[in-house]
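K.L.:
return atomic coordinates for the entry below.
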Amino acid sequence: MATKIKKILVSQPQPTTEKSPYFDIAEKYNVKIVFRQFIKVEPVLAPEFRAQKVDVLGHTVVVFTSRTAVDHYFRLGKELRITIPDTMKYVCISDTVANYLQKYITYRKRKISFGDGTTEGLLPLLQKLQSEKFLLPLSDVHKQNLIEMMEDNKLNYSKAIMYKTVSNEFRPDETFDYDLLIFFSPSGIKSLKKSFPNFEQGDIRIGCLGAETAKSVRDAGLRLDFEAPRPDAPSITAALDLYLKEQKKASK
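P.N.:
Next up is the predicted model:
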């Protein structure tokens, strides 16, 4: 019989609100949940960015795929002393990212559009603006599907590497005694293998969010025990809840 799950590592920052489903799950199943990122983001500084020779103001639409991209776009604009014009248009991958723009600009719906949270959902929005020039603020480690979509549809765009995704390695004195690990990106799997080159999964369970992350788990030769989204679990917390429920039943 597999080891009972007592301690779970969630490779994300700790939620800022006490209403997070993770806390309900911890209480419901009497498990300890630790939030610890496997990756961290570092800024590309102004001199490094200048070397890319990207003319920020030579673009009329900015495409944001994350709130991190929003932060670093406006950070670099400030460092480079660029005044972003009010005429700039923004296309965001989701309403969450679009609403986050209010941190930096006066929200005008006529300039901001957003998709359904998928890269494919961006396409109709981009096609409506196909005569424009698009700027894509990205990490040095980024998915290729957005680039391929821009290329396939012959859209005029520039990549702008504005931040870096680096491994947040474990310290030698840091305890690694988890029964279940939850990942959110392929970068997290790479970081695990970097921190623990001889990692053996054994009874440690692994859950993940997203098809690309699931593929990375399997490509790394690891066993994937559950994933989201799926019809009965649209979120990773829903998938975790169901998995722990099944484990509890099996142990009786």
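
K.L.:
contacts, neighbours, all on C-alpha from now
P.N.:
Will do.

K.L.:
tally of neighbours for Pro197?
P.N.:
10 (other Cα atoms under 10 Å).

K.L.:
Thr3 versus that one, what's the distance?
P.N.:
Shown here: Pro197 relative to Thr3, a distance of 23 Å by Cα to Cα, to the nearest Å.

K.L.:
pull the longest strand from this protein.
P.N.:
For the chain, the strand with the greatest residue count under DSSP state E is strand 156-167.

K.L.:
work out the gap between the lengthiest helix in the chain and the centre of the chain.
P.N.:
If each helix of the chain is counted by residues according to DSSP state H, the longest one is helix 236-250. The offset between the C-alpha centroid of helix 236-250 and the centroid of the whole chain comes to 23 Å, using Cα atoms, centre = their mean, to the nearest Å.

K.L.:
just the C-alphas of it, formatted as PDB.
P.N.:
Presented in PDB, the C-alpha positions along helix 236-250 are these (Å, rounded to 0.1, in the frame of the first residue of the first chain):
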ATOM      1  CA  ILE A 236      -5.800  21.900  -9.800                       C
ATOM      2  CA  THR A 237      -7.400  22.300  -6.400                       C
ATOM      3  CA  ALA A 238     -10.500  20.400  -7.600                       C
ATOM      4  CA  ALA A 239      -8.200  17.600  -8.900                       C
ATOM      5  CA  LEU A 240      -6.300  17.500  -5.600                       C
ATOM      6  CA  ASP A 241      -9.500  17.300  -3.600                       C
ATOM      7  CA  LEU A 242     -10.700  14.400  -5.700                       C
ATOM      8  CA  TYR A 243      -7.400  12.600  -5.500                       C
ATOM      9  CA  LEU A 244      -7.200  12.900  -1.700                       C
ATOM     10  CA  LYS A 245     -10.800  11.700  -1.500                       C
ATOM     11  CA  GLU A 246      -9.900   8.600  -3.500                       C
ATOM     12  CA  GLN A 247      -6.800   7.900  -1.400                       C
ATOM     13  CA  LYS A 248      -8.900   8.200   1.800                       C
ATOM     14  CA  LYS A 249     -11.400   5.700   0.500                       C
ATOM     15  CA  ALA A 250      -8.700   3.300  -0.600                       C
END
